[in-house]
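**Q** predicted model and sequence follow; I will ask about them next.
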Amino acid sequence: YLEKIVDLSDKASRRALASRRALAEGSSSSAVEAMVIKLCAVIFFSFHSHSSAFTVRRGAPDDRAWIKTQLLKEKMNPLSVETANFMVAIDNDRRQIGCAQLRPIVGNAVLELASVVVTEPNRRRGVGSKVVQALLQEGGQNSDVVLLTLSQTAPFYAGLGFVAMDPKDAPLALRFEAAAGAAVISWAKPGTRLVIMQRPKGADSPPA
């Protein structure tokens, strides 16, 4: 964003010079204040618009290394990375900023939502929600979708149409994953538990 910031700084300098000239010519202080407020609004909205925009696309082979790096950073399993299963969010500079995947665990009848990651500077901008919604709308309409998450992040998925399910009713592969993860979580994050959630086939998708 350096070029944009420099450009906005140049505009600010020109406006500031105009303000000083207006004062020197005896313009009212209210007019100068209005000019300053307008300048601040232009800078804020121009920068905010540039920094908040992103798009979501299907994963590509070139994303593999980036995805694995992000999964390792978040202490997630980096082994099951089939980029065709992923959706990836990219910013205006075409840099990856988030991802998630739907992978089959019981043929195509049951899919697991996994590997949901958003880079630290881009969190709380709706990136994760948009990536998950894109996956569900494109690949989750004709299958049950399940996931394994921490109790702290369960509300995020509840907002996307998932509900907690009895572990006894979960696919065997997910039960094994939950059992292995529970031992690690109890040691690494005391007081945290794992939650299995599901979104039935045909459930309405939240608007993207």
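**A** Structure's in. What do you need?

**Q** mind listing the strands for the chain?
**A** Counting by DSSP state E, residue ranges of the strands within the chain are 54-58, 86-91, 96-106, 110-118, 144-150, 163-164, 194-199.

**Q** got a list of what the residue lying closest to residue 76 once chain neighbours are set aside touches?
**A** Excluding its sequence neighbours, the residue lying closest to residue 76 (CB to CB, 6 or more residues apart in numbering) is residue 115, at 6.1 Å. Backbone N, C-alpha and C define where each C-beta goes, glycine included. By CB atoms under 8 Å, 6 or more residues apart in numbering, the contact set of residue 115 is 67, 71, 76-77, 80-81, 86, 99-101.

**Q** minimum pLDDT in those, which residue is that?
**A** Ranked by pLDDT, those bottom out at residue 80 (77).

**Q** that one and residue 124, how far apart?
**A** Applying CB to CB, to the nearest Å, the value for residue 80 to residue 124 is 27 Å.

**Q** these two: which has the busier surroundings?
**A** A direct count of neighbours by other CB atoms under 10 Å for residue 80 and residue 124 places residue 80 higher, at 13 against 7.

**Q** can I assume that one is in contact with residue 103?
**A** Yes: between residue 80 and residue 103 there is a contact at 6.2 Å, judged by CB atoms under 8 Å.

**Q** shared neighbours of the two, anything?
**A** Joint contacts of residue 80 and residue 103 (CB under 8 Å, 6+ apart) are residue 114.

**Q** in CSV, list the contacts of residue 115 along with distance to residue 173.
**A** What follows is the contacts of residue 115, written out as CSV (distance: CB to CB, whole Å):
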residue, distance to residue 173
67, 21
71, 18
76, 16
77, 12
80, 11
81, 17
86, 19
99, 21
100, 18
101, 15
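
**Q** burial of residue 152, as a residue count?
**A** Residues lying near residue 152 (other CB under 10 Å) number 12.

**Q** what comes up buried for stretch 128-141?
**A** Buried residues in stretch 128-141, defined by neighbour count with 16 or more other CB atoms under 10 Å: 128-136, 139-140.

**Q** return the member of these nearest to residue 57.
**A** Nearest to residue 57 out of the buried residues of stretch 128-141 is residue 134 (CB to CB; 8.5 Å).

**Q** now for this structure, the helix or strand with the poorest mean pLDDT.
**A** helix 29-52 (a mean of 48; mean pLDDT, DSSP states H and E).

**Q** for residue 54, what are its contacts?
**A** If you count contacts by CB under 8 Å, 6+ apart, residue 54 has them with 89-92, 97-98, 122, 125, 127, 130.
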